[in-house]
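*Asks:* Attaching a predicted model along with its sequence, questions to come.
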Amino acid sequence: MPPPTPASSDPPPAASPPTSWQIYSGTRTPHDGITRLPAPPPWRTFKGGPPLSVPPGDSGNQHAAVSYRPSADAVRQVNAALYLRRPLLVTGAPGTGKSSLAYAVAHELGLGKVLHWPITSRVTLRDGLYAYDPLTRLYAAERARHGGTGGDGAGDARSGGADGGGAASAGAGDGPAGDDIGDYLRLGPLGTALLPFARPRVLLVDEIDKSDIDLPNDLLTIFEKGSYELVELARRAAPTARVMTADSTKDRVEIRDGTVTCRAFPLVVMTSNGEREFPPAFLRRCVTVDLKQPATLDELTAIVREHLDPVVADADGALPAGIEDVIQRFFDRRSGGLLANDQLLNAIYMCHHAALTEPPESVAKLADQVMPFLTAEAARSDDA
């Protein structure tokens, strides 16, 4: 049977597209097809609750959501990830729309704001799950112990206070009377995505190939369990609190027994520029898709029109000859080195405005300057 529908407070999407096994169609038109998603495979069933409604709102990047043109392979693999409740690993050259895919899916399926988790070499699993602020809690406990008069709370906190209980009272335990640990806990993007939402959230794990070597394997455990523990909350005698999320610091959610368990497994979109290889154990638990550069001049022109047609097209909807020349120049130069599609968009936008006052040869030079090769060897040969 299908998963529970969200609360009626969610805005009703438009009519569904034609019936198909595919939930995501890539049409960029919002619809309620997510309600047709069948029950998960028995080994990917999660029973978190009570169910939460997806917060209202758009994907968070409306331009990317409505201008992205997914390939047929991308559409099929997104649907595979939705059906199998598995992460989607999206690879491809810079500028092929890896991150935009997440926003496009969230927009079309009405899955709310994309939860964005940018990855660097310093990011850990804990950063994505939740953050706990013990120092602020400690200072608040000291202020309360001094009757709100301020005093040298920080000094007493460091020494443990006259009764030796300063630091202990504001640690991960129960704390002083009236202390609300929920004021010091905030779920991260991954932690928020794993809340028991009735519909899957979209989590964008951006540039996972830049992570510490252990992060992919650490994520495996979380993705398999679909749950995690907030240690500081679980240690309390009453391990229940209303905590902040990556969506909001005002609208809190209740965590019971110090544990979060998902209900609808999120659509996890992990992007990679191919800067590292991932272990087989990680890859076999992912659905993968490799995004290619546009293969033809027509495909490239269609991308330009999606992004810049209102800016550069003339009154009849045609692209000026100078813009077509820039597209052709970009297309021809790709064989000489790595170029990204967003470089072309930047060049066209700049050349459109420069053409108002500069001669064609100067505009052409500007286009090349805005579209340098992204690899050092190609850049050197281009300068020669």
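*Replies:* Here it is on my side, so go on.

*Asks:* quick one, helices of the stretch 51-200 of the chain?
*Replies:* Per DSSP state H, counting those that start in this stretch, the stretch 51-200 of the chain has helices spanning 62-67, 72-84, 98-109, 125-129, 134-145, 153-159, 166-169, 189-193. These are given in chain order.

*Asks:* who wins for proximity to Leu319 among those?
*Replies:* Each of the helices of the stretch 51-200 of the chain was checked against Leu319 via C-beta to C-beta, and the shortest separation belongs to helix 62-67, namely 16.0 Å. Heads up, the C-betas are built off the backbone N, CA and C, glycines and all.

*Asks:* From the contact counts, what lies against that closest one?
*Replies:* helix 98-109, helix 297-312 (3 or more C-beta pairs under 8 Å, 6 or more residues apart in numbering; DSSP states H and E).

*Asks:* looking at the ones you listed, which has the lowest confidence?
*Replies:* When the helices and strands packed on helix 62-67 are compared by mean pLDDT, helix 297-312 comes last with a mean of 91.

*Asks:* Make JSON lines from the helices of the stretch 51-200 of the chain and add mean neighbour count and distance to Val304 to it.
*Replies:* As requested, the helices of the stretch 51-200 of the chain are arranged in JSON lines below (neighbours: other C-beta atoms under 10 Å; distance: least, C-beta to C-beta, whole Å):
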{"stretch": "helix 62-67", "mean neighbour count": "17", "distance to Val304": "10"}
{"stretch": "helix 72-84", "mean neighbour count": "19", "distance to Val304": "19"}
{"stretch": "helix 98-109", "mean neighbour count": "27", "distance to Val304": "15"}
{"stretch": "helix 125-129", "mean neighbour count": "19", "distance to Val304": "35"}
{"stretch": "helix 134-145", "mean neighbour count": "18", "distance to Val304": "49"}
{"stretch": "helix 153-159", "mean neighbour count": "16", "distance to Val304": "57"}
{"stretch": "helix 166-169", "mean neighbour count": "19", "distance to Val304": "60"}
{"stretch": "helix 189-193", "mean neighbour count": "26", "distance to Val304": "32"}
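
*Asks:* Go through the ones you listed and name the closest to Asn217.
*Replies:* If you check each of those against Asn217 by C-beta to C-beta, helix 125-129 wins as the nearest, at 9.7 Å.

*Asks:* average pLDDT for the closest one?
*Replies:* Across helix 125-129, the average pLDDT comes to 97.

*Asks:* Could you do stretch 285-294 as well?
*Replies:* Here the average pLDDT along stretch 285-294 is 94.

*Asks:* Touching it from outside, list them.
*Replies:* Applying C-beta atoms under 8 Å, 6 or more residues apart in numbering, the external contacts of stretch 285-294 come out as 71, 73-74, 77-78, 80-81, 84, 86-93, 96-98, 101, 220, 223-224, 270, 300, 302-303, 334, 341.

*Asks:* May I see the buried residues of it?
*Replies:* Within stretch 285-294, the residues that qualify as buried by neighbour count (16 or more other C-beta atoms under 10 Å) are 285-291, 293-294.

*Asks:* Adding distance to Glu142, write the helices and strands packed on helix 62-67 out as a markdown table.
*Replies:* Written out in a markdown table, the entries for the helices and strands packed on helix 62-67 read as follows (distance: least, C-beta to C-beta, whole Å):
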| stretch | distance to Glu142 |
| --- | --- |
| helix 98-109 | 43 |
| helix 297-312 | 54 |
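
*Asks:* bridging residues for the closest residue to Ala80 other than its chain neighbours?
*Replies:* If the residues on either side of it in the chain are set aside, Ala80 comes closest to Val287, at 4.8 Å by C-beta to C-beta, 6 or more residues apart in numbering. Beta-bridge partners recorded for Val287 (DSSP bridges): Leu88.

*Asks:* Give me the phi and psi angles of the spatially most central residue of the chain.
*Replies:* Centrality entry for the chain: nearest residue to the mean C-alpha point is Leu204, 2.3 Å, by C-alpha atoms, centre = their mean. Leu204 adopts backbone torsions of phi -100, psi 110, taken as degrees, to the nearest 10.

*Asks:* ok, now the one 3 residues further on?
*Replies:* Taking degrees, to the nearest 10, you get phi 60, psi 60 for the backbone angles of Glu207.

*Asks:* please begin residue numbering at 880 from this point
*Replies:* Renumbered: residue one is now 880, and that last one reads Glu1086.

*Asks:* so what pLDDT did it get?
*Replies:* Reading off the confidence values, Glu1086 has pLDDT 96.

*Asks:* Likewise for Gly974?
*Replies:* Reading off the model, Gly974 has pLDDT 88.

*Asks:* I'd like to know how far it sits from Thr1254.
*Replies:* Per C-beta to C-beta, to the nearest Å, Gly974 is found 14 Å from Thr1254.

*Asks:* Between these two, which is the more surrounded one?
*Replies:* Neighbours were tallied for Gly974 and for Thr1254 using other C-beta atoms under 10 Å; the higher tally belongs to Gly974 (19 against 13).
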